[in-house]
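Chemist: Below is the structure, and that's it, no one-letter string:
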């Protein structure tokens, strides 16, 4: 039995969960998320607790069991508290600025790179070298943060670029000069 899949998910107060033919809708203080899951898995919503069961021990259902439970738990967590990713910009002249709902990044290119807030993703710039991506969908927040980081990933020699907060960059030694004789 999946150790993750058999754990029940407790639904906090103020969160409403509906199950219609394994299409789960979670409504909370931060918003609403809907996702369709495999119809062969059993998803039960009773008395503030969600449980996921599988029909048998086939490999397909074993792999879907824990995944489905985790995705539902992430939906409940997202509408309750939300998710955020923090990015740090390092490098001379590299900076971020927020203008309205647009994020302008100066990353050493001849033009500024522009990202916009979407319906579900909000961008904040508390400092010129820090970007905070927030939203209720864990996958969408991670994807948007990855797209921003992709514009200038950290390079291994000086460490310049956009990195996740707390990310460790493996540094390389520069070119070694010829030894003197």
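Modeler: Sure, I can see it. Predicted model only: the values in this text are computed from it and were never measured.
Chemist: Show me the shaky parts of the chain.
Modeler: The model of the chain has pLDDT under 70 over residues 1-2, 177-181.
Chemist: In it, which helix is the longest?
Modeler: Scanning the chain for the longest helix, with DSSP state H as the assignment, gives helix 59-80.
Chemist: which SS state does the residue nearest the centre of the chain fall under?
Modeler: With distances taken as CA atoms, centre = their mean, the residue of the chain nearest its centroid is residue 142 (2.7 Å). Of the three states, residue 142 takes helix according to DSSP: H, G, I helix; E, B strand; the rest coil.
Chemist: In this structure it contacts residue 85, no?
Modeler: Yes. Contact criterion CB atoms under 8 Å: residue 142 and residue 85 qualify, at 6.4 Å. C-betas here are computed from N, CA, C, even on glycine.
Chemist: Next, the buried residues of the longest helix of the chain.
Modeler: For helix 59-80, burial by neighbour count (16 or more other CB atoms under 10 Å) applies to 61, 64-80.
Chemist: could you say what helices and strands it packs with?
Modeler: Under the contact definition 3 or more CB pairs under 8 Å, 6 or more residues apart in numbering; DSSP states H and E, helix 59-80 sits against strand 9-10, strand 23-28, strand 31-36, strand 49-53, helix 138-150.
Chemist: Identify the residues contacting the helix or strand following that helix?
Modeler: As assigned by DSSP states H and E, the chain's next helix or strand after helix 59-80 is strand 83-90. Strand 83-90 is contacted from outside by 77, 95-96, 105, 107, 128-138, 141-142, 145, 148-149, 154, 159-165, using CB atoms under 8 Å, 6 or more residues apart in numbering.
Chemist: Mark which of the residues you listed are buried, thanks.
Modeler: In the contacts of strand 83-90, the ones that pass as buried (16+ other CB under 10 Å) are 77, 95-96, 105, 107, 131-138, 141, 145, 148-149, 154, 160-163.
Chemist: And for residue 42, the neighbour number?
Modeler: Residues lying near residue 42 (other CB atoms under 10 Å) number 13.
Chemist: check contacts around residue 74.
Modeler: Residue 74 touches residue 138, counting by CB under 8 Å, 6+ apart.
Chemist: do you know how far residue 125 is from residue 173?
Modeler: 34 Å (CB to CB, to the nearest Å).
Chemist: quick one, which of the two is more surrounded?
Modeler: residue 125 (18 against 7).
Chemist: Specify the local secondary structure of the more buried one.
Modeler: strand.
Chemist: What is the burial count for residue 109?
Modeler: 10.
Chemist: How about residue 18: what's its closest non-neighbour residue?
Modeler: Ranked by CB to CB, 6 or more residues apart in numbering and with sequence neighbours excluded, the top spatial neighbour of residue 18 is residue 25, at 4.5 Å.
Chemist: Touching, the one you found and residue 34? I think so.
Modeler: Yes. At 4.7 Å, residue 25 counts as touching residue 34 under the criterion of CB under 8 Å.
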